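1. Below are the sequence and a predicted model for it; my questions follow.
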Amino acid sequence: MKKITGVMVYYYFVCKRKLWFFINDMTMEHSSDLVNMGKIIDETSYSREKKNILIDETINIDFLKDWKVIHEVKKSRKIEEASKWQIKYYMWVLKHKGVAIEKGILDYPLLRKRENVFLEEEDEKQIEEILEDIQRIVNLKLPPDKVNKAVCKKCAYYELCYI
C-alpha cells in the first residue's frame, strides 16, 4: 500500500489523471512558472513561522500554530475545494496520531484573505473513501481519461494530455 501524501489528495480533487502521472513519477511541476510562483509565495510569506513540517514523509504542513491550527498557503482560490480537502486530510492524519487540531486555515497572502476549515465527522468518512479511491488509481495500468476543465490550460501536465 502506497503512502498517500497531501499533494496526492489535492490532485485527486484537481484531476485524477494528473494524480496518476504524479504517482507514477511523471512530474512536470519543475517546468511550471505557476508552480514556481506558488513556491516563492510560500517561501516569502509568514517568514516568522517554522514552516514545512514533514510528518511521516507523508504530509508536509506549511506551518502550525501551537500544534492547534494548521496553515496551508495558496496563491489563489481557483482550486479551493482541493485545498480544503488537502488541509482536512492533514487534520485527519494528525487526529489519528493523537494531535487535537482545532482548525485549519487556508491562507491566500496575495489576496490578503484567509478561510477557516474544520474537520467534520462526515468529512472523516469521505476521507476514508477518497484514500480507497486513490489506492485504486495507484493500481491502474493506464491513466484515467482527460477531464477537459478550464484549469487544464495552465496545468503543468498539459502537454502529457493534449500534445
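-> Good, I have the coordinates. Note that this is a predicted model, so its numbers are computed, not measured.
2. how close does residue 6 get to residue 74?
-> Look at residue 6 and residue 74: by Cβ to Cβ, to the nearest Å, they are 12 Å apart. C-beta: built from backbone N, CA, C; applies to glycine.
3. so who does residue 19 touch?
-> Taking Cβ atoms under 8 Å, 6 or more residues apart in numbering as the definition of contact, the neighbours of residue 19 are 8, 11-12, 134, 137.
4. how close does it sit to residue 121?
-> 26 Å.
5. go on, residue 153?
-> Distance from residue 153 to residue 121, counting by Cβ to Cβ: 37 Å.
6. Okay, strands next: where are they in this structure?
-> Taking DSSP state E as the criterion, the chain carries its strands at 51-55, 59-65, 69-73, 103-108, 113-117.
7. of all these, which gets the most neighbours per residue?
-> Highest mean neighbour count among the strands of the chain (mean count of other Cβ atoms under 10 Å): strand 69-73, with a mean of 21.
8. And that one, how far out from the chain middle?
-> Taking the mean of its C-alpha atoms, strand 69-73 sits 12 Å from the chain's own mean (Cα atoms, centre = their mean, to the nearest Å).
9. so what secondary structure elements neighbour that strand?
-> The criterion is 3 or more Cβ pairs under 8 Å, 6 or more residues apart in numbering; DSSP states H and E, and the helices and strands that strand 69-73 contacts are strand 59-65, helix 80-96, strand 103-108.
10. Sheet partners, orientation included, of the shortest one?
-> The one in question is strand 103-108. With DSSP bridges as the criterion, the sheet partners recorded for strand 103-108 are strand 69-73 (parallel), strand 113-117 (antiparallel).
11. Which one of these lies nearest to residue 100?
-> Taking Cβ to Cβ as the criterion, strand 69-73 is the member of the strands paired with strand 103-108 that comes nearest to residue 100, at 11.1 Å.
12. quick one, the closest one and strand 59-65 angle?
-> Going by axes from the mean of the first three to the mean of the last three Cα atoms, to 10 degrees, strand 69-73 is angled at 120 degrees with respect to strand 59-65.
13. I'd like the mean pLDDT over strand 69-73, please.
-> Averaging the model's pLDDT scores along strand 69-73 yields 93.
14. Export only the CA atoms of it, formatted as PDB.
-> As requested, the backbone C-alpha atoms of strand 69-73 are provided in PDB (Å, rounded to 0.1, in the frame of the first residue of the first chain):
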ATOM      1  CA  VAL A  69      -4.000  25.300  14.000                       C
ATOM      2  CA  ILE A  70      -2.700  24.100  10.600                       C
ATOM      3  CA  HIS A  71      -2.000  26.700   7.900                       C
ATOM      4  CA  GLU A  72      -1.800  26.000   4.200                       C
ATOM      5  CA  VAL A  73      -0.600  28.800   2.000                       C
END
